[in-house]
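Asks: The sequence isn't on hand, but the structure is:
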């Protein structure tokens, strides 16, 4: 599910395997299975899958549990990128004749050894212990790898490489979510429902109309993420501690080797001090997850026993350990919880950069892997929730017919047929609704006589309205059919929105595949080049 760099060489595979699988790669032993086993070796049943949700849990749903207990940290997450950076930097130093080919070969072969040791001893994933181990392995030549650079520009570069790949994963996940929403919308062009404002019945619409609204909102988040990519995809390497270096580094060459498409953070102070791209990533996450949380909140409301408009698939629901009847919207609540985490990250990052010096500083807070995993887990989960959601069409239509959502249409009828001022029509129908509620009548039980009584009370005279006109105005299906303008709920309008959204997703997908292919190629080229030096 996650974006992985596809390289053909053994070293490339090693660099980008998860730490658990890297250990397997080195030792040749199988890792301990993720699922618990009993003494006989048989997998134990997931203890949470009991009661009404005894079926299998969706793997995307499991992600929402896994990220919470993950021990992954920023050092381990960025270590593979540090390994790539070292190779690219040594190659550049050699091409610039700052070190010779023999020294480069020694360093590059030593990097392979130290990388393997670092998997067994995570303390070596921190740069200075890593460098000390390299010098121990290859001698004084290992100390030449750091010529002209600082941990400041090194860390900022590996952070950007890590965030670049994470951003690609988020973009991929949002695209998949939009596809799921568009597909669901196409299935529900004629599923009539009530649109709510202030959690009160407002006007008739369709589920497809609602879902295309969500899709349009997600399109803006997707656009923000793609715009952010160019601002992250810039190499600060060569900035040194902040003032650059007198060594003849080729900053553009090392940027190219690392897949930055020869793009630099040009000013060396900005190279180590700049943090806006991290704050922007956190802000984009918070905005996107806030929207996702709103969708989850609404679906949770609709899934209550009182609304009974939708039901979650068992694979995304939870249970009560005590109450047998419970089928809890656990995936939705955990998505909302993940949203809170991303907002906390934004506040932490902005707080850490507020009023500090414009220079490299240890005060700054970085986007943590757990926060990014929360975004991915929630997005994958909501994609599954939307795809498998069971919709109670009859209940939705019943609410639209009975719960006064067509009263604006009825007021509009009085304006058209009697040339009334809209405010007068509004007040006449408000009186009709009040009387209907007193009489315990639903909207579809309103009569012409009720309108005439309200009109005489409000206006002093009856109005021209027929039973047929009344029934047409009270019919939510007819109400939707007449609303054909851009963005409105008629089938023709919603279909156009879906088509527009699908075209946008197709274009974004092409962009995404282009970036994936480019990074995969650049990483393969780097590994092959490093391999040729080390032979």
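Replies: Received the coordinates, thanks. In this text the structure is predicted, and so the values were computed from the model without any measurement.

Asks: would you say residue 305 is within a strand?
Replies: No: the assignment for residue 305 (DSSP: H, G, I helix; E, B strand; the rest coil) gives coil, which keeps it out of a strand.

Asks: Number of residues surrounding it?
Replies: Other residues near residue 305 come to 7 when the count uses other Cβ atoms under 10 Å. (Each C-beta comes from the backbone N, C-alpha and C, glycine too.)

Asks: so how far is residue 332 from it?
Replies: Note on residue 305: its distance to residue 332, by Cβ to Cβ, to the nearest Å, is 15 Å.

Asks: any idea how far residue 55 is from residue 388?
Replies: Residue 55 sits 12 Å away from residue 388, going by Cβ to Cβ.

Asks: overlap in contacts of these two?
Replies: residue 315 (Cβ atoms under 8 Å, 6 or more residues apart in numbering).

Asks: With neighbour numbers in mind, choose between the two.
Replies: residue 388 (15 against 11).

Asks: I'd say that one and residue 311 touch.
Replies: No: the pair residue 388 and residue 311 fails to qualify as a contact (Cβ atoms under 8 Å) at a distance of 10.0 Å.

Asks: Which residue, neighbours along the chain excluded, lies closest to residue 475?
Replies: Sequence neighbours aside, residue 406 is the residue nearest to residue 475 in space, at 7.2 Å (criterion: Cβ to Cβ, 6 or more residues apart in numbering).

Asks: tally of neighbours for that neighbour?
Replies: Using other Cβ under 10 Å as the criterion, residue 406 is surrounded by 27 other residues.

Asks: can you tell me which residues contact it?
Replies: With contact set as Cβ under 8 Å, 6+ apart, residue 406 has these partners: 203-204, 400, 443, 473-476, 479.

Asks: Need the residues you listed in a markdown table (columns: distance to residue 270 and neighbour count).
Replies: Listed next are these as a markdown table, based on distance: Cβ to Cβ, whole Å; neighbours: other Cβ atoms under 10 Å:
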| residue | distance to residue 270 | neighbour count |
| --- | --- | --- |
| 203 | 51 | 19 |
| 204 | 54 | 27 |
| 400 | 56 | 27 |
| 443 | 62 | 21 |
| 473 | 62 | 24 |
| 474 | 63 | 22 |
| 475 | 62 | 18 |
| 476 | 57 | 27 |
| 479 | 56 | 24 |
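
Asks: Rebuild these as CSV, extending it with distance to residue 506 and pLDDT.
Replies: Output for the contacts of residue 406, formatted as CSV (distance: Cβ to Cβ, whole Å; pLDDT from 0 to 100):
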residue, distance to residue 506, pLDDT
203, 32, 96
204, 31, 97
400, 33, 96
443, 41, 96
473, 40, 96
474, 41, 97
475, 37, 97
476, 33, 97
479, 33, 95
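
Asks: Of the residues you listed, which belong to helices?
Replies: Among the contacts of residue 406, the ones falling in helices (DSSP state H) are 400, 473-474, 476, 479.

Asks: Now compare those and name the two farthest from each other.
Replies: For these, with distances taken as Cβ to Cβ, the pair at the greatest spread is 400 and 473 (13.3 Å).

Asks: can you give me the strands for this protein?
Replies: Chain-ordered strands for the chain, with DSSP state E as the definition, fall at 192-197, 200-206, 310-311, 390-391.

Asks: Run through who's touching the longest one.
Replies: Applying Cβ under 8 Å, 6+ apart, the external contacts of strand 200-206 come out as 188-196, 399-400, 403-406, 408-409, 476-477, 479-480, 489, 491, 494.

Asks: Equivalent analysis for stretch 81-97, please.
Replies: With contact meaning Cβ under 8 Å, 6+ apart, stretch 81-97 is reached by 15, 99-101, 103-104, 107-108, 111, 115, 125, 127, 130, 144-145, 147-149, 154, 157-158, 161-162, 237, 247-250, 253-254, 257-258, 523, 526-527, 529-530, 533.

Asks: If any of those are buried, give me the ChimeraX selection for them.
Replies: Selecting just the buried residues from those in ChimeraX takes one command, with 16 or more other Cβ atoms under 10 Å as the test:
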select :15,99,103,104,107,108,111,115,125,127,130,144,145,148,149,154,157,158,161,162,237,249,253,254,257,258,523,526,527,530,533
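
Asks: Helices - which of the contacts of stretch 81-97 land there?
Replies: Secondary structure from DSSP H places 15, 101, 103-104, 107-108, 111, 115, 127, 130, 154, 157-158, 161-162, 253-254, 257, 523, 526-527, 529-530, 533 of these in helices.

Asks: buried sites along stretch 338-347?
Replies: Buried-residue list, stretch 338-347, by 16+ other Cβ under 10 Å: 338-339, 341-343, 345-346.

Asks: Equivalent analysis for stretch 79-86, please.
Replies: Taking 16+ other Cβ under 10 Å as the criterion, stretch 79-86 shows 79-86 as buried.

Asks: Throw these into CSV and include pLDDT, thanks.
Replies: Listed next are those as CSV, based on pLDDT from 0 to 100:
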residue, pLDDT
79, 97
80, 96
81, 97
82, 97
83, 96
84, 97
85, 98
86, 98
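
Asks: of those residues, closest to residue 63?
Replies: Using Cβ to Cβ as the measure, the one of the buried residues of stretch 79-86 that approaches residue 63 most closely is residue 80, at 20.9 Å.

Asks: I'd like to know how far residue 162 sits from residue 85.
Replies: Residue 162 sits at a distance of 11 Å from residue 85 (criterion: Cβ to Cβ).

Asks: Now for these two: what residues contact both?
Replies: The contact lists of residue 162 and residue 85 share no entry, where a contact means Cβ under 8 Å, 6+ apart.

Asks: which intervals of the stretch 1-150 of the chain have sub-threshold pLDDT?
Replies: Regions of the stretch 1-150 of the chain meeting the criterion pLDDT under 70 cover residues 1-47.

Asks: if we go to 50?
Replies: Judged against pLDDT under 50, the low-scoring parts of the stretch 1-150 of the chain cover residues 1-44.
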